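Asker: mind folding the following:
(one chain, ligands or ions: 1)
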Amino acid sequence: MQLHKTRIPGCFTIQPLLFKDERGVFVKTFRSDVFAENHLETHFPEQYYSISRQGVLRGLHFQIPPREHTKLVYCVSGKVMDVIVDLRRGSPAFGNFEVFELSAEEGNMIYIPPGLAHGFYVTSERAILVYNVSSLYSPEHDCGIHWRSIDLPWPNQNPILSERDGAFPHVSNFSSPFSFEGGEKGK
Ligand SMILES: Cc1cn([C@H]2C[C@H](O)[C@@H](COP(=O)(O)OP(=O)(O)O[C@H]3O[C@@H](C)C(=O)[C@@H](O)[C@H]3O)O2)c(=O)[nH]c1=O
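Answerer: Residues are numbered from 1 along each chain as shown. Presented below is the predicted three-dimensional model:
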């Protein structure tokens, strides 16, 4: 399992080992010892996955304080263009975004600290994304910003969206409740 820093402090890409043989592939997606050694979150009380078809865009989502959480995200079928945006006031990367390709073939993962918005666009025929989150779902704290309010290189300007995602505020109308403490896990 290899961890790589991104340009957004506290956000990492993680490459697990892929054991391939004639049967297929074996992938270990979480090791609490490796995460603890790297000062990453090890407590993930909820896990879930979504299945989406090509052209679907989900995001850009986050839970606000006091129910903010870390997400560990990976793709077990297909591939997606995955994006994060730093919403932490005082962060050296405040307002910046990063774009990654997550794919079942690569088995790569992204570790997203609290205060980052997350979303993705499905580039394969179908994609299954798995999430581990460090606190329980709270509908009252589950928020988002509009996907088009950040200058992201979306491959499609007319994606398949949920009604909720289409109604999220523009980032300029969103008063961020997140601040960068400089002591984020993984720093
Ligand atoms: C996220 C979530 C949703 N739900 C419910 C609410 C709703 O009825 C249904 C589908 O929810 P959504 O439309 O929010 O699903 P979706 O748009 O796939 O939401 C996800 O988007 C990506 C980008 C993320 O980063 C995830 O953390 C999550 O926010 O599932 C839960 O019960 N628990 C949860 O943890």
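Asker: for the spatially closest residue to residue 86 that is not a sequence neighbour, give me its contacts.
Answerer: Nearest residue to residue 86, sequence neighbours excluded (Cβ to Cβ, 6 or more residues apart in numbering): residue 93, at 4.4 Å. For glycine as for every other residue, the C-beta is placed from the backbone atoms N, C-alpha and C. Residues near residue 93 by Cβ atoms under 8 Å, 6 or more residues apart in numbering: 7-9, 86.
Asker: and residue 93, what helix or strand is that in?
Answerer: Using DSSP states H and E, residue 93 sits in no helix or strand.
Asker: immediately after the longest helix along the chain, which helix or strand?
Answerer: Longest helix in the chain by number of residues (criterion: DSSP state H): helix 32-37. Sequence order places strand 46-53 as the next helix or strand after helix 32-37, per DSSP H and E.
Asker: pretty sure residue 172 sits in a strand.
Answerer: No - with DSSP: H, G, I helix; E, B strand; the rest coil as the criterion, residue 172 is located in helix rather than a strand.
Asker: so, low pLDDT: which residues of the chain?
Answerer: By pLDDT under 70, the weakly predicted segments of the chain are 182-187.
Asker: ok, and the closest non-adjacent residue to residue 95?
Answerer: In this structure, residue 95 finds its nearest non-sequential neighbour in residue 86, 6.6 Å apart by Cβ to Cβ, 6+ apart.
Asker: who touches stretch 163-176?
Answerer: With Cβ under 8 Å, 6+ apart as the test, stretch 163-176 has contacts from 57-60, 85, 87-89, 115, 143-147, 149-150.
Asker: could you list the buried residues of it?
Answerer: Neighbour counts over stretch 163-176 (16 or more other Cβ atoms under 10 Å) mark 165, 168, 171, 174, 176 as buried.
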